[in-house]
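S.K.: Sequence isn't available, so here's the structure alone:
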Ligand SMILES: Cc1cc2nc3c(=O)[nH]c(=O)nc-3n(C[C@H](O)[C@H](O)[C@H](O)COP(=O)(O)OP(=O)(O)OC[C@H]3O[C@@H](n4cnc5c(N)ncnc54)[C@H](O)[C@@H]3O)c2cc1C
């Protein structure tokens, strides 16, 4: 067993949710297979959309959800593993999913940062976070994306109507209801439509919500590496002139690599034979993990900062990458998306329990105010870190190294940083604390 297990606390699944008008209507319209009436229609069955469908139906019996995706509902090919911080891990636990991925999850026991120039061979650690958030609770775990997708899809129950593969061709909303038209002519009526369709969200465009975006002109080259030395649960972040390179521990002598490089250089690296690419990786990380070989292939993801101008509109909400895309320097994009899920599920379920509908404007306003500051703060931090470290200007390096070593010696600051990265401080939605809604 690699990851921590659930506490075994009793769950209060599906409590206190009266049947809604939509859920009764869905029975009435079931005979007409061209119309489906649900409480919430979620477009996008990635990890965020699937988690939301699960949260809404697990904690609100009778809630009807449609989950729509342009791809068949199956784990997509993905070489990445995600660092899941302690708070969002509790969300997965409350959703009943954590136990399904625990055997494939690796705890992160320490984080070491190095700052190196182009030619440096030796890479001393300037900042070293280690220890647990609470006894038995590491501040993060690494989980292969494909395993997480498989577990989330496998956990979906009867309350979720899956419509995939299909595309949305139209959306209409007014004060009374919302509608989606699908490519095969199906009409989905809902009280609330949620866009979980990723960075290029078509639904966000249909709702007329713009974005502020900045292209980093960098790519994140990802691969799984095997190495001759053990990682001892250490996540390494090597700050290099073109961008950070992270190796994140996986079970065994294996790590997940996220190497930020200029987009053109990343494209060149992808053309190398596996042994040559492995040699480049080994040299770039200063041999801290010994000899490196590649397991499977490598892929490159374009990197950008992108924030939606609003995350709610009439009977409409954005979650996950549809709402915000940040640099993977701190491994926080999916963590933010899971926190969106915890907040939106709680505000919607509480509205329905009060006899309101799932698209209640008060519930959406509460969701927006709950998430706005956290998302803006994380976007600013990751953008600032990437700008500060993605260069080789000597005076700037000296200043940032001094800053890192001062932080390293200041215990309370380090504790605060760990708690913030673990998303475990302050008051938040109940799922983030591992409690049922
Ligand atoms: C290199 C890299 C490393 C990362 N590492 C981490 C990490 O360690 N930790 C972390 O927290 N985050 C990490 N992230 C961020 C994380 O991967 C994303 O934040 C997360 O995948 C977003 O999930 P999502 O469900 O919102 O969107 P997606 O995963 O993009 O899913 C969107 C879904 O919508 C569907 N879709 C798209 N368009 C339509 C349409 N028009 N109609 C119907 N369906 C549609 C797609 O098929 C897909 O299923 C990393 C990102 C990168 C690039």
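M.R.: Received the coordinates, thanks. Being a predicted model, the structure only gives us computed values, none of them experimental. Residues are numbered from 1 along each chain as shown.
S.K.: got a pLDDT number for the closest residue to the ligand within the stretch 51-200 of the chain?
M.R.: Residue of the stretch 51-200 of the chain nearest the ligand, by Cβ to the nearest ligand atom: residue 198 (2.9 Å). In this view, the C-beta of every residue, glycine as well, is placed from N, C-alpha and C. Note for residue 198: predicted pLDDT of 98.
S.K.: go on, residue 284?
M.R.: 88.
S.K.: Show the contacting residues for it.
M.R.: By Cβ atoms under 8 Å, 6 or more residues apart in numbering, residue 284 lies in contact with 238, 240, 245, 259.
S.K.: So which of these belong to helices?
M.R.: Among the contacts of residue 284, no member is found in helices (DSSP state H).
S.K.: Residue 142 and residue 233, how far apart?
M.R.: According to Cβ to Cβ, to the nearest Å, residue 142 stands 10 Å off from residue 233.
S.K.: Tell me where the stretch 51-200 of the chain is predicted with low confidence.
M.R.: 116-128, 131 (pLDDT under 70).
S.K.: ok, which residues in the protein are in contact with the ligand?
M.R.: Listed as neighbours of the ligand in the chain under the rule Cβ under 6 Å from any ligand atom: 43-49, 68-71, 80, 82-83, 167-168, 196-198, 202, 220, 222, 258, 301, 320-321, 328, 331-335, 337.
S.K.: Of the residues you listed, select the buried ones using a ChimeraX command.
M.R.: Remark: buried members of the residues of the chain next to the ligand, expressed as a ChimeraX selection using 16 or more other Cβ atoms under 10 Å:
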select :43,44,45,46,47,48,49,68,69,80,82,83,168,196,197,198,202,220,222,258,301,320,321,328,331,332,333,334,335,337
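S.K.: and the contacts of residue 284, which of them are in strands?
M.R.: Using DSSP state E, the members of the contacts of residue 284 that fall in strands are 238, 240, 245, 259.
S.K.: Switch those residues over to CSV, and while doing so, append pLDDT to every line.
M.R.: Shown next, in CSV, are those (pLDDT from 0 to 100):
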residue, pLDDT
238, 86
240, 82
245, 92
259, 96
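S.K.: Does the nearest residue to residue 188 once chain neighbours are set aside lie in a helix or a strand, and which?
M.R.: Nearest non-adjacent residue to residue 188, counting by Cβ to Cβ, 6 or more residues apart in numbering: residue 180, 4.4 Å away. For residue 180, the host element (DSSP states H and E) is strand 178-182.
S.K.: neighbouring strands for that strand, and are they parallel or not?
M.R.: strand 168-173 (antiparallel), strand 187-195 (antiparallel) (DSSP bridges).
S.K.: Quickly compare those and say which is most buried.
M.R.: Of all the strands paired with strand 178-182, strand 187-195 carries the top mean neighbour count, a mean of 25, counting by mean count of other Cβ atoms under 10 Å.
S.K.: who does the next helix or strand after that one touch, helix- and strand-wise?
M.R.: The first helix or strand that comes after strand 187-195 along the chain, using DSSP H and E, is helix 202-206. The elements that helix 202-206 packs onto, with contact taken as 3 or more Cβ pairs under 8 Å, 6 or more residues apart in numbering; DSSP states H and E, are strand 168-173, strand 187-195.
S.K.: now do 7 Å
M.R.: Counting contacts by 3 or more Cβ pairs under 7 Å, 6 or more residues apart in numbering; DSSP states H and E, helix 202-206 is packed against strand 168-173.
S.K.: Looking at the residues of the chain next to the ligand, which are in strands?
M.R.: Short answer: the residues of the chain next to the ligand in strands (DSSP E) are 43, 68, 82-83, 168, 220, 222, 258, 301.
S.K.: Give me the secondary structure label for the closest residue to residue 157 other than its chain neighbours.
M.R.: Spatial nearest neighbour of residue 157, excluding adjacent residues (Cβ to Cβ, 6+ apart): residue 57 at 5.8 Å. Secondary structure for residue 57, judged by DSSP: H, G, I helix; E, B strand; the rest coil, is helix.
S.K.: Now for residue 57: which residues touch it?
M.R.: Contact analysis of residue 57 by Cβ atoms under 7 Å, 6 or more residues apart in numbering lists 63, 65, 157, 159-160.
S.K.: Mind putting the residues you listed into a markdown table with distance to residue 316?
M.R.: Rendered in a markdown table, the data for the contacts of residue 57 read as follows (distance: Cβ to Cβ, whole Å):
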| residue | distance to residue 316 |
| --- | --- |
| 63 | 18 |
| 65 | 15 |
| 157 | 25 |
| 159 | 21 |
| 160 | 20 |
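S.K.: Out of the ones in strands among the contacts of residue 284, which end up buried?
M.R.: For those, a burial check counting by 16+ other Cβ under 10 Å picks out 238, 240, 245, 259.
S.K.: so which of these comes closest to the ligand?
M.R.: For these, the nearest to the ligand is residue 259 (8.9 Å; Cβ to the nearest ligand atom).
S.K.: Looks like that closest one contacts residue 244 (just checking).
M.R.: No. Look at residue 259 against residue 244 with Cβ atoms under 7 Å: they stay out of range, at 8.3 Å.
S.K.: list residues touching both of residue 142 and residue 233?
M.R.: What both residue 142 and residue 233 touch, as defined by Cβ under 7 Å, 6+ apart, is the set 108, 249.
S.K.: Neighbour count: those two, which is higher?
M.R.: Between residue 142 and residue 233, counting by other Cβ atoms under 10 Å, residue 142 is the more crowded of the two (26 against 15).
S.K.: need the contact list for the more buried one.
M.R.: 81, 83, 105-106, 108, 248-250, 256.
S.K.: is it possible to export those to TSV including secondary structure?
M.R.: What follows is those, written out as TSV (three-state DSSP):
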residue	secondary structure
81	strand
83	strand
105	coil
106	strand
108	strand
248	strand
249	strand
250	strand
256	strand
